[in-house]
Every structure is written in C-alpha cells, then in structure tokens.
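> Quick one: sequence plus predicted model below, questions after.
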Amino acid sequence: MTLGILGSGSGSNMQAILDAIASGTLDARVALVLSDNPDAYILERARSHGIESGVIDCHGFRTKFPGDAQRETANRLKAAGVELVCLAGFMRMVKRPLLEAFPGRIINIHPALLPAFPGLEAWKQALDAGVPETGATVHYVDEGMDTGPVILQETVPVLHGDTTETLHARIQKVEHRIYPAAIRLIAARSAVR
C-alpha cells in the first residue's frame, strides 16, 4: 500500500510507520510527506529516509486549510500514487476538497478514546476530567473534529500522580504501536475487495 503522510510536527508517528515497514511488519511504502509547517521535523525525517517531501502553502493562515491548498495537496498526493493518506500530527481540519479526492482513504491518530476528548491536547482534557483511563484511536477522517469511524483503539490507564507529560508519553507509545496495525487492517480489507 502506498502511503502519503501529512504532519505539522516532529513526525514520531510517521517514524513508527517507517520502523514497521523496515522491520517487515507493515507491507507499505511512504511515497510523499507534506507539512503545513516548513520547519517541522517530520520533513527532516522524510529527507533522511530519502522520501519526497514538501510544504503545503496555506497562504499565511494559522489554522485554516484553504480549499485551493487542499486541492493542491490532493494533486500532489495523487501524482505520487498515494492510496492511503495518514495524518500524523497534522493540525488543520481536512475538508471537502481533500476528502472528495480520497474518499474513505484518509486516516488520523488521536490521543484519546474517541468519541471522548476530541480536539487539541486530549491527554490534558482526560486529566482535567479525572477519568481512570484514556488511550489512543486511529479513525477515518470525515468533515467533523475527530468524528470519523473508529478503526482501532487501545486504552491507557491514568495513573495516580500523572502529569500531562507522563500521560502523553504513555499514550504516544500506544499510538506508535496501533497506527501501523491500523494500516495493516486497512490493507487487509482492501486486498479482500
């Protein structure tokens, strides 16, 4: 399966995907990595692995993902032969132009057990709510904020004395395990069709 990855930050989830590919536990190839942040470390990770990468021009908007930028992103992904788009810490809402270009083929990783705690800093939301457990979710992307159908989830206990940093670090370990696993599930389903 040919993957395209969109990210805004360090790219640790992309690295987990690349590690799974390298170990032979995920039969996939990352063809293109794009970021809305020209300084994002995910771009350096892509370059160091010899993966084509580039910057998404959002015309100076801090959070908005303009339609023309989404169309350009879709065109670049299609030109690279991407079959599945993986959001890895991508901090903009994907809307119709990109969703229509890749219907049912865009997935995201979220640091909570959706539908609980959608949006930003979900680990902080979980701590503030005093829940006994949270986790990580891989889900399909739709037009809502973390509302698409769940592909895979795993729980993470909230421990006495947890800080936002300790809880987030434990959630990230789970994310790094379940994101490649979810891609394997999708690839297996695609092969059956």
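Structure's in. What do you need?

> contacts and neighbour counts: CA atoms only from here.
Fine.

> Next up, the contacts around the residue nearest to Arg29 when sequence neighbours are not counted.
Nearest residue to Arg29 in three dimensions, chain neighbours excluded: Thr2, at 5.0 Å (CA to CA, 6 or more residues apart in numbering). By CA atoms under 8 Å, 6 or more residues apart in numbering, the residues touching Thr2 are 28-31, 81-84.

> go again using 6 Å as the cut-off
Contacts for Thr2 (CA atoms under 6 Å, 6 or more residues apart in numbering) come out as 28-30, 82-83.

> do Val82 as well
2-4.

> does Val30 have beta-bridge partners, and which?
Legend: beta-bridge partners of Val30 under DSSP bridges are Leu3.

> Please renumber the chain so that the first residue is 18 from this point on.
Got it, first residue is 18 now, which makes that one Val47.

> I figured it hits Met18, correct?
No - under the criterion of CA atoms under 6 Å, Val47 makes no contact with Met18, lying 8.6 Å away.

> low-confidence ranges in this structure?
Residues of the chain meeting the criterion pLDDT under 70: 209-210.

> switch to 80 and redo it
208-210 (pLDDT under 80).

> For it, which segments count as strands?
Using DSSP state E, the strands of the chain run over residues 19-24, 46-52, 69-72, 101-104, 123-127, 150-157, 167-174.

> Would you mind putting these into CSV with distance to Ala208 alongside?
Shown next, in CSV, are the strands of the chain (distance: least, CA to CA, whole Å):
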stretch, distance to Ala208
strand 19-24, 13
strand 46-52, 16
strand 69-72, 26
strand 101-104, 13
strand 123-127, 17
strand 150-157, 18
strand 167-174, 16
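
> Chain neighbours aside, what residue packs nearest to Leu169?
Nearest non-adjacent residue to Leu169, counting by CA to CA, 6+ apart: Val155, 5.2 Å away.

> cool, Ala97 as well?
Ala97 sits nearest to Ala48 (CA to CA, 6+ apart), 6.1 Å away.

> Met110 too?
With CA to CA, 6+ apart as the criterion, Met110 has its nearest non-adjacent residue at 6.6 Å, and that residue is Phe82.

> count of residues packed around the one you found?
19 (other CA atoms under 10 Å).

> what's the neighbour count on Phe78?
The tally of other residues near Phe78 (other CA under 10 Å) stands at 9.

> longest helix in the chain, by residue count?
helix 181-209 (DSSP state H).

> so what does that one touch, helix or strand wise?
helix 29-40 (3 or more CA pairs under 6 Å, 6 or more residues apart in numbering; DSSP states H and E).

> what's the helix it packs on packed up against?
Using 3+ CA pairs under 6 Å, 6+ apart: helix 29-40 touches helix 181-209.

> List the buried residues for the helix it packs on?
Residues of helix 181-209 classed as buried: 181, 184-185, 187-189, 191-193, 195-201, 203-204 (neighbour count, 16 or more other CA atoms under 10 Å).

> now swap in stretch 93-110 and tell me
93-94, 97, 99-109.
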